[in-house]
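Novice: Here is a sequence with its predicted model. Questions after.
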Amino acid sequence: MQEIGSNYVDSSNVDSSYVELCDVGPRDGFQFEQKQIPTELKLSTIRSLIDAGMPRVQVTSFVHPTRVPQMADAESIVAQLSDVKTCVLSGLALNVKGVKRAAESGLKAVDLSIATNERHGMDNANMTVDEGVAAAAAMIDEARALGLSVQLNLQTVWGYKEPNDTHLERILGITRMFAQAGLESFSLADSTGMANPNSIQSTVKAVQAETDTPIVLHLHDTRGLGMANIVAALAQGVRRFDTSLGGLGGCPFIPGATGNVATEDVVYLLDQLGFKSGIQNATVASASKKMATFLGRHLSGKMYTLL
């Protein structure tokens with residue numbers, strides 16, 4: 001594995017030590033909770049993340065409220081954040097209707113998500129991978145027509161039911177298909193937490209060879225390797241990651257899935273390795289503590305209790 005930390009930073013690029021995080025807790029985290037989170041608490045949490053210096057926040061998803069009741073207030077959330085200028089706010093959409101809702105709400109960025117594993121595609125959306133790819137193409141066309149910035153998220157890249165049951169060539173084929181689609185970024189998701197540092201580096205390297213589009217990693221910590229996987233990805237040149245305040249998250253459709261790598265833990269790790277995020281960790285931790293109190297349980301993140 002390559003060397004990590006300040007000695008790894010390319011001195012010819014003044015921004016090579018900067019790592020951009022997107023907190024997906026208000027979407028990926030909140031949707032997993034059975035206890036209904038009031039809109040006001042969602043908004044105060046999002047504003048705390050913005051105040052902390054988070055450059056990107058995924059604030060909601062535009063899905064049917066009967067399927068994900070926690071996201072029923074999507075338009076209300078976005079409407080009450082219309083004054084935000086210092087942070088890129090995005091929402092998840094899973095079909096063309098969701099893309100239209102995102103644009104109509106006032107968002108400028110949309111995150112699209114498709115399956116790359118046949119079994120997951122049928123379990124999650126009752127669609128084959130090819131059907132999902134076709135749907136993604138239609139969503140991208142609609143989003144670009146509406147002037148939205150688009151991130152395409154590839155799910156379960158490192159496996160669904162067992163490690164590597166998602167084939168790398170399928171990932172690379174989808175990447176090649178959308179390499180010239182005008183995407184703002186590709187997100188590679190370890191939705192089930194099956195990746196390890198070696199597989200992170202080999203997969204990222206293979207995808208990097210297929211596209212110049214920026215790569216984002218979305219890492220769940222189900223098997224406790226989330227932070228190690230970030231270190232491996234940093235060595236491979238990845239500079240964008242999804243995180244979640246306090247480690248909130250999971251997936252309602254993946255049994256046993258736990259949350260994303262915790263924002264506070266990742267910021268602390270970056271600081272220790274000589275990277276920069278521009279995020280005030282204590283402010284994020286305060287929001288995590290309030291959410292933990294509301295939910296009545298300890299969150300999976302480590303650092304939020306220490307700040």
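Specialist: Everything's here; your move. Residues are numbered from 1 along each chain as shown.

Novice: So which residues of the protein form helices?
Specialist: Counting by DSSP state H, the chain has helices at residues 39-51, 74-79, 96-105, 118-125, 129-145, 168-178, 197-208, 226-235, 263-273, 281-295.

Novice: Lowest mean pLDDT across those, which one is that?
Specialist: Comparing mean pLDDT across the helices of the chain, the weakest is helix 118-125, with a mean of 92.

Novice: which other residues reach that helix?
Specialist: Helix 118-125 has contacts (Cβ atoms under 8 Å, 6 or more residues apart in numbering) with 94, 114-115, 127-129, 131-132, 155-156, 160-161, 165-166, 191, 253-254. From N, CA and C alone the C-beta is placed, and that goes for glycine too.

Novice: Format the helices of the chain as CSV; extra columns: distance to S16.
Specialist: Formatted as CSV, the helices of the chain follow (distance: least, Cβ to Cβ, whole Å):
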stretch, distance to S16
helix 39-51, 25
helix 74-79, 33
helix 96-105, 32
helix 118-125, 35
helix 129-145, 30
helix 168-178, 23
helix 197-208, 15
helix 226-235, 11
helix 263-273, 13
helix 281-295, 22
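
Novice: can I get those helices in TSV with mean neighbour count?
Specialist: Shown next, in TSV, are the helices of the chain (neighbours: other Cβ atoms under 10 Å):
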stretch	mean neighbour count
helix 39-51	19
helix 74-79	18
helix 96-105	20
helix 118-125	18
helix 129-145	18
helix 168-178	17
helix 197-208	18
helix 226-235	22
helix 263-273	22
helix 281-295	19
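
Novice: closest one to G29 among those?
Specialist: Nearest to G29 among the helices of the chain is helix 281-295 (8.2 Å), distances taken as Cβ to Cβ.

Novice: Run the angle between that closest one and helix 263-273 for me.
Specialist: Comparing the axes of helix 281-295 and helix 263-273 via axes from the mean of the first three to the mean of the last three Cα atoms, to 10 degrees yields an angle of 160 degrees.

Novice: Please enumerate residues in contact with stretch 89-105?
Specialist: Stretch 89-105 is contacted by residues 22, 27, 56-63, 74-75, 78-79, 81, 107-113, 125, 135, 138-139, 142-143, 146-149, 151 when judged by Cβ under 8 Å, 6+ apart.

Novice: and the end-to-end length of that stretch?
Specialist: In terms of Cα to Cα, to the nearest Å, the two terminal residues of stretch 89-105 are separated by 11 Å.

Novice: for stretch 91-109, same thing?
Specialist: End residues of stretch 91-109 are separated by 7 Å (Cα to Cα).

Novice: try stretch 69-78
Specialist: Looking at stretch 69-78, the gap from its leading to its trailing residue is 17 Å under the measure Cα to Cα.

Novice: what sits up against it?
Specialist: Stretch 69-78 is touched from outside by 26-27, 30-31, 33, 36-37, 39, 42-43, 46, 59-63, 65, 89, 91, 101, 104-107, with contacts defined as Cβ under 8 Å, 6+ apart.

Novice: list the contacts for S300?
Specialist: By Cβ under 8 Å, 6+ apart, the residues touching S300 are 221, 246-248, 258-259, 262.

Novice: Apply 6 Å and report the result again.
Specialist: Residues touching S300, when contacts are defined by Cβ atoms under 6 Å, 6 or more residues apart in numbering, comprise 247, 259.

Novice: What's the separation between it and G246?
Specialist: 7 Å (Cβ to Cβ, to the nearest Å).

Novice: What's opposite the most centrally placed residue in the chain in the beta bridge?
Specialist: Relative to the mean C-alpha position of the chain, the nearest C-alpha, by Cα atoms, centre = their mean, is the one of D242, at 3.9 Å. The bridge-partner assignment for D242, based on DSSP bridges, gives C22, H218.
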